[in-house]
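[1] below: sequence and its predicted model.
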Amino acid sequence: KILANSLFLGKQIVYMPTCHSTNDTAREHVRNTATIEGAVFITDDQTQGKGQRGNSWEAKPGENLTFSVVLTPTFLKADKQFFLNIVASLAVNDTIEAFLPNDQALVKWPNDVYLNGGKVAGILVENAFQGSRLSSTVVGIGLNVNQLSFKVNTATSLAKEAGSAFGLEEVLHSLLMNLEKYYLQLKREQYDLLKEAYYGKLLGYAQTRKYLAEYEFEGKITRVEDSGYLIIESKQGEHRFDFKEVQFLF
Ligand code: BTN
């Protein structure tokens, strides 16, 4: 099956009943074949799903969306790589809000998506570089759609929040169309537009909240650097954090 009304995203969709990790499958495809930008690798049953920071990602087979998209953002400088995370999280956010118009989805830096206080989606962006530029990117997305019970009570799904189930294919198509839309904005170098949209969805942005680094402190997120570093301003001044260096205490 292909996505009919897109420009390039989803023109090739590879469905696998089961696989270890769609990110790994997509990466192998990039290594072994002439890469088609926009190719999608999707599975019903991912047995070794990878999360950020070496975590794992688990989802009940057949109930959720588990897929990876291959992009070749050769126009993008390596020091702007975080824009790919922004593109992916905005796409997921928009799709969630399209299917649940009465709820607001929020992005937890760098790119976890939350709905009514529960994590509803995880994104794993893996970049490859050539010199100072990107050569290829695998955007892996796990979106909880119809799963109703979770091992951890910090997780949720579209169906759990809405009280009714959704068609996986419909949700996938919406997500791919949104991903293409935001990726084309990036290609057109609409950096400020993307940043503003991201800040508009960012949990804790411009609000005083508690964080934990080497010590607990209060501060507000003022910006995220193009490379992905999080900037939090406190009474003591500006703090700059890499992915593993800060925890949200709210
Ligand atoms: C996270 O929350 O830490 C990120 C989770 C990313 C999960 C998706 S599911 C599809 C793709 N394949 C993987 O192995 N991981 C990503």
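    Happy to help now that I have it.
[2] report how many residues lie close to the residue in the chain positioned nearest to the ligand.
    Relative to the ligand, the nearest point of the chain is residue 122 (2.3 Å; Cβ to the nearest ligand atom). All C-beta atoms are positioned from the backbone trio N, CA, C, and that covers glycine. Look at residue 122: counted by other Cβ atoms under 10 Å, it has 22 neighbours.
[3] go on, residue 102?
    7.
[4] adjust the sequence numbering to begin at 820 for everything that follows.
    Happy to do that; since the first residue is 820 now, the last one works out to residue 921.
[5] after the longest strand belonging to the chain, which helix or strand is next? Please name it.
    Using DSSP state E to assign secondary structure, the strand with the most residues in the chain is strand 937-949. Next in sequence after strand 937-949, counting helices and strands by DSSP states H and E, comes strand 952-962.
[6] how about the longest helix anywhere in the chain: buried residues?
    Longest helix in the chain by number of residues, with DSSP state H as the criterion: helix 987-1006. For helix 987-1006, burial by neighbour count (16 or more other Cβ atoms under 10 Å) applies to 987, 990-1002, 1004-1005.
[7] cool, stretch 968-982 as well?
    So stretch 968-982, judged by 16+ other Cβ under 10 Å, has buried residues 969, 974, 975, 976, 977, 978, 979, 980.
[8] number of nearby residues for the closest residue to the residue of the chain closest to the ligand other than its chain neighbours?
    Closest residue to residue 941 apart from its sequence neighbours, by Cβ to Cβ, 6 or more residues apart in numbering: residue 961 at 4.8 Å. Using other Cβ under 10 Å, residue 961 has 25 neighbouring residues.
[9] one more: the one 4 residues further on?
    For residue 965, the tally of surrounding residues (other Cβ under 10 Å) stands at 19.
[10] if we can go back for a sec, quick one: the residue nearest to residue 941 and residue 883 touch, right?
    Yes. Counting by Cβ atoms under 8 Å, residue 883 is a contact partner of residue 961 at 6.7 Å.
[11] all helices of this protein, in order?
    Assigned by DSSP H, the helices in the chain fall at 841-851, 901-918, 977-981, 987-1006, 1010-1020.
[12] if I pick the residue nearest the centre of the chain, what's in contact with it?
    What sits nearest the mean C-alpha location of the chain, by Cα atoms, centre = their mean, is residue 942, with 3.3 Å. By Cβ atoms under 8 Å, 6 or more residues apart in numbering, the residues touching residue 942 are 904, 907, 908, 911, 930, 931, 932, 958, 959, 960, 961.
[13] one more: residue 918?
    Contacts of residue 918 by Cβ under 8 Å, 6+ apart are 977, 981, 985, 990, 993.
[14] now for those, which pair is the farthest apart?
    With distances taken as Cβ to Cβ, the most widely separated pair in these is 981 and 993, at 14.4 Å.
[15] which ones are touching the nearest residue to residue 1001 once chain neighbours are set aside?
    Nearest residue to residue 1001, sequence neighbours excluded (Cβ to Cβ, 6+ apart): residue 906, at 4.2 Å. Neighbouring residues of residue 906 by Cβ under 8 Å, 6+ apart: 958, 998, 1001, 1002, 1004, 1005, 1013.
[16] circling back to that earlier point, export the helices of the chain to a markdown table and tack on distance to the ligand?
    As requested, the helices of the chain are exported to a markdown table (distance: least, Cβ to the nearest ligand atom, whole Å):
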| stretch | distance to the ligand |
| --- | --- |
| helix 841-851 | 4 |
| helix 901-918 | 10 |
| helix 977-981 | 15 |
| helix 987-1006 | 12 |
| helix 1010-1020 | 16 |
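[17] lowest-confidence stretch among those helices?
    Lowest mean pLDDT within the helices of the chain: helix 841-851, at a mean of 94.
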